[in-house]
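Asks: fold the following for me, if possible:
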Amino acid sequence: MSDIRTFHARKGRVSAAERDGIDRLLPVFGVAAVELDPQTIFSGLPIILEIGFGLGDATIEMALAEPERGIIAADVHTPGVGRLLNRIDELGLTNVRVLHGDAIDYLRTFVPDGCLNECRAFFPDPWPKARHHKRRLFRPDLVHLMAQKLEPGGYIHVATDWADYADAMRTVCAAEDELTLVADSAEPLRHRPTTKFEATGLRKGHDVRDLLYQRLTTTNGQR
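Replies: Coordinates of the predicted model:
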């Protein structure tokens with residue numbers, strides 16, 4: 001199951017400004033394909049991995065609201081990557097880096113265990129058809145992977161507007177021994193702004209849920 005992609009590669013026209021942002025700024029604000037060093041990437045700030053940032057508007061808002069935390073924002077959608085890079089440059093942000101690629105591959109290959117303060121995924125693809133559930137981001141092997149990469153006391157924060165996906169998330173996260181539920185809310189948690197996908201879901205009458213889990217703090221293998 002580990003080689004099953006959790007995303008659908010969307011095609012979109014890349015504007016001249018977005019292409020320029022990628023060419024000019026990805027070498028500056030991009031994340032290199034080397035082992036993550038939590039002491040150097042943001043000068044020791046707590047690190048958030050945002051899995052799938054879309055157009056990056058929520059990323060920018062949260063980075064501005066929380067300058068004391070560093071965000072590695074990951075997405076495969078090229079136009080969104082270019083747009084976010086340009087916004088980082090325009091605003092002079094120092095606490096955002098961009099990963100143009102698969103966040104799960106990055107987690108497996110380059111992120112040491114126990115070094116992330118938070119994994120967040122806002123409105124990941126619900127893959128609503130039963131035959132596609134194997135592609136969901138929140139499935140046992142990937143939740144276990146996220147938990148491994150969190151520091152003790154670190155968080156997984158997810159939001160969805162699909163009720164059955166929220167139920168599946170609850171089931172999968174409850175089965176992960178290293179996680180405990182902190183909040184299950186109909187309101188945004190931890191300064192999360194409204195996203196484009198959320199607004200679309202609300203217009204359709206969907207109920208939005210924010211789920212927040214925390215990695216247990218352990219001492220000598222005991223909870």
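
Asks: what about the helices in the protein?
Replies: Remark: helices assigned in the chain by DSSP state H are 16-29, 57-65, 78-91, 103-110, 140-149, 163-174, 196-203.

Asks: and these: which comes nearest Ala130?
Replies: When the helices of the chain are compared by Cβ to Cβ, helix 163-174 sits nearest Ala130, at 9.8 Å. Where C-beta positions appear, they are placed from N, C-alpha and C, glycine not excepted.

Asks: okay, the helices of the chain in a markdown table with distance to His133 next?
Replies: Formatted as a markdown table, those follow (distance: least, Cβ to Cβ, whole Å):
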| stretch | distance to His133 |
| --- | --- |
| helix 16-29 | 33 |
| helix 57-65 | 25 |
| helix 78-91 | 25 |
| helix 103-110 | 16 |
| helix 140-149 | 12 |
| helix 163-174 | 7 |
| helix 196-203 | 19 |
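
Asks: rebuild those as JSON lines, extending it with mean neighbour count and mean pLDDT.
Replies: Putting the helices of the chain into JSON lines (neighbours: other Cβ atoms under 10 Å; pLDDT from 0 to 100) gives the following:
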{"stretch": "helix 16-29", "mean neighbour count": "15", "mean pLDDT": "96"}
{"stretch": "helix 57-65", "mean neighbour count": "20", "mean pLDDT": "95"}
{"stretch": "helix 78-91", "mean neighbour count": "21", "mean pLDDT": "97"}
{"stretch": "helix 103-110", "mean neighbour count": "17", "mean pLDDT": "96"}
{"stretch": "helix 140-149", "mean neighbour count": "19", "mean pLDDT": "97"}
{"stretch": "helix 163-174", "mean neighbour count": "17", "mean pLDDT": "96"}
{"stretch": "helix 196-203", "mean neighbour count": "14", "mean pLDDT": "79"}
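
Asks: once you drop chain neighbours, what's closest to Arg87?
Replies: Counting by Cβ to Cβ, 6 or more residues apart in numbering, Arg87 lies nearest to Ile60, which is 5.3 Å off, once chain neighbours are set aside.
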